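*Asks:* Below: sequence and its predicted model.
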Amino acid sequence: MKAKRSLALFLVSCLILCAFFCFGVSAADAAEAENEGISTFALVSIIIGGVVLVAAVVLCIVKRKKLAESLRAYKRELKNVTWFSWKNVVRSTIFVIVAILVVATVIGVLDFAFFQGQRLLVKWIG
């Protein structure tokens, strides 16, 4: 159970690291970096992301036996999974895409109708 927590902690720390790198450096920071160097926010984000990455690596090194056993257990479990057939996956995907398009169309038509109704109401009152 502790290996699962270690793996979860590692994955969460990787996500945090990615978020810091994605949000820490933006187009405005890049433009500012050309003039003044790296921005303070980007520097702090990189430092915090680096600390999180180092902590995750150290944790994985310390718990490497449990982590390896957990990964082997996940691999064994994936072999026991009954996967859908390719035909079934394609059908389900097409159904989901069609359902999304239908719902988007209904919402778009309702939005257009309410907007036109509001416009007519404002014109009638005013």
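*Replies:* Looks like it arrived, so ask away.
*Asks:* Which segments of the protein make up each domain?
*Replies:* Per automatic domain parsing, the structural domains of the chain span 1-81, 83-126.
*Asks:* what about Trp83, helix or strand, and which?
*Replies:* Trp83 belongs to no helix or strand when assigned by DSSP states H and E.
*Asks:* how about the domains of the chain in CSV, adding mean pLDDT and mean neighbour count?
*Replies:* For every residue, glycine as well, the C-beta is placed using N, CA and C. What follows is those, written out as CSV (pLDDT from 0 to 100; neighbours: other CB atoms under 10 Å):
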stretch, mean pLDDT, mean neighbour count
domain 1-81, 73, 13
domain 83-126, 94, 10
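*Asks:* so what does the helix or strand containing Val54 touch, helix or strand wise?
*Replies:* Using DSSP H and E, Val54 falls within helix 40-62. Helices and strands touching helix 40-62, by 3 or more CB pairs under 8 Å, 6 or more residues apart in numbering; DSSP states H and E, are helix 2-24, helix 27-36.
*Asks:* got the CA coordinates for the very next helix or strand once past that helix in CSV?
*Replies:* The C-terminal neighbour of helix 40-62 among helices and strands, as given by DSSP H and E, is helix 64-80. Provided in CSV are the C-alpha atoms of helix 64-80 (Å, rounded to 0.1, in the frame of the first residue of the first chain):
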residue,chain,number,x,y,z
ARG,A,64,12.7,1.9,-5.3
LYS,A,65,12.0,-1.7,-4.2
LYS,A,66,8.5,-1.0,-3.2
LEU,A,67,8.0,1.1,-6.3
ALA,A,68,9.3,-1.7,-8.6
GLU,A,69,7.1,-4.3,-6.9
SER,A,70,4.1,-1.9,-7.3
LEU,A,71,4.9,-1.4,-11.0
ARG,A,72,5.1,-5.2,-11.5
ALA,A,73,1.8,-5.6,-9.8
TYR,A,74,0.2,-3.1,-12.1
LYS,A,75,1.7,-4.9,-15.1
ARG,A,76,0.2,-8.2,-13.9
GLU,A,77,-3.2,-6.5,-13.4
LEU,A,78,-3.1,-5.0,-16.9
LYS,A,79,-2.7,-8.5,-18.3
ASN,A,80,-5.9,-9.5,-16.6
